[in-house]
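A.B. asks: A predicted structure for the sequence below; I have some questions about it.
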Amino acid sequence: MAFTYDLTTNIGKIRLAIGDSKYQQGVRPDNCNFSNEEITAILTDASNDVNVASAVLMEILSREWALLCDITLGPRKEAYSQVSKRYTELAKQMRDAVGGNVLSVTTGFKRDDEYQYLFGEDASTATAAEYVPEHRYPSRL
């Protein structure tokens, strides 16, 4: 996987925005960088909007950092949860700056289950909440 940092490209602009500009000193928890291929995929999904792609990558960073535990050893404390929280805040600020744009995912499948009959052949107008059956826990004696 390739790493380039050229500010004349969208990949370089995104790297600058998310702080991923030094090779092998990346922003991910394991000090890795995002690859050019990963950034390109996100950028393509974001319709080549550098700000939206940057926000998505910050959200990814927030989730990756959230998987780590905070560590306290004597007087030293490493609060990885704060890193996650900060990336979430930065992503929100960036999304707000571009009008709150979010990536949407569409699917091209047709339902073939019990909900198809509840909502008709074209169930695409039903909300997500309508698709989620009420979860019932077994009673315990």
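C.D. replies: Cool, the structure landed.

A.B. asks: contacts, neighbours, all on C-alpha from now
C.D. replies: Will do.

A.B. asks: Sticking with the residue nearest to V83 when sequence neighbours are not counted, tell me its helix or strand.
C.D. replies: Spatial nearest neighbour of V83, chain neighbours left out: W65 (6.5 Å); criterion: Cα to Cα, 6 or more residues apart in numbering. Using DSSP states H and E, the element containing W65 is helix 50-66.

A.B. asks: per the record, what domains does this structure have?
C.D. replies: Here the domain parsing of the chain from automatic domain parsing is 10-97, 104-134.

A.B. asks: For these, please prepare CSV with the additional fields mean pLDDT and mean neighbour count.
C.D. replies: Formatted as CSV, these follow (pLDDT from 0 to 100; neighbours: other Cα atoms under 10 Å):
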stretch, mean pLDDT, mean neighbour count
domain 10-97, 92, 17
domain 104-134, 46, 10
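
A.B. asks: Could you provide these in a markdown table, with additional columns for distance to T4?
C.D. replies: Output for the domains of the chain, formatted as a markdown table (distance: least, Cα to Cα, whole Å):
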| stretch | distance to T4 |
| --- | --- |
| domain 10-97 | 7 |
| domain 104-134 | 28 |
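
A.B. asks: Which strands or helices does the helix holding W65 pack on?
C.D. replies: Counting contacts by 3 or more Cα pairs under 8 Å, 6 or more residues apart in numbering; DSSP states H and E, helix 50-66 is packed against helix 10-18, helix 36-45, helix 80-97.

A.B. asks: List of residues touching it?
C.D. replies: 10, 13-14, 17-18, 27-29, 39, 42-43, 45-46, 80-81, 83-88, 90-92, 94-95, 98, 101-102 (Cα atoms under 8 Å, 6 or more residues apart in numbering).

A.B. asks: run the last query once more with 6 Å
C.D. replies: Outside of helix 50-66, the residues within contact range by Cα atoms under 6 Å, 6 or more residues apart in numbering are I14, I42, L43, A46, S81, S84, Y87, T88, A91, M94.
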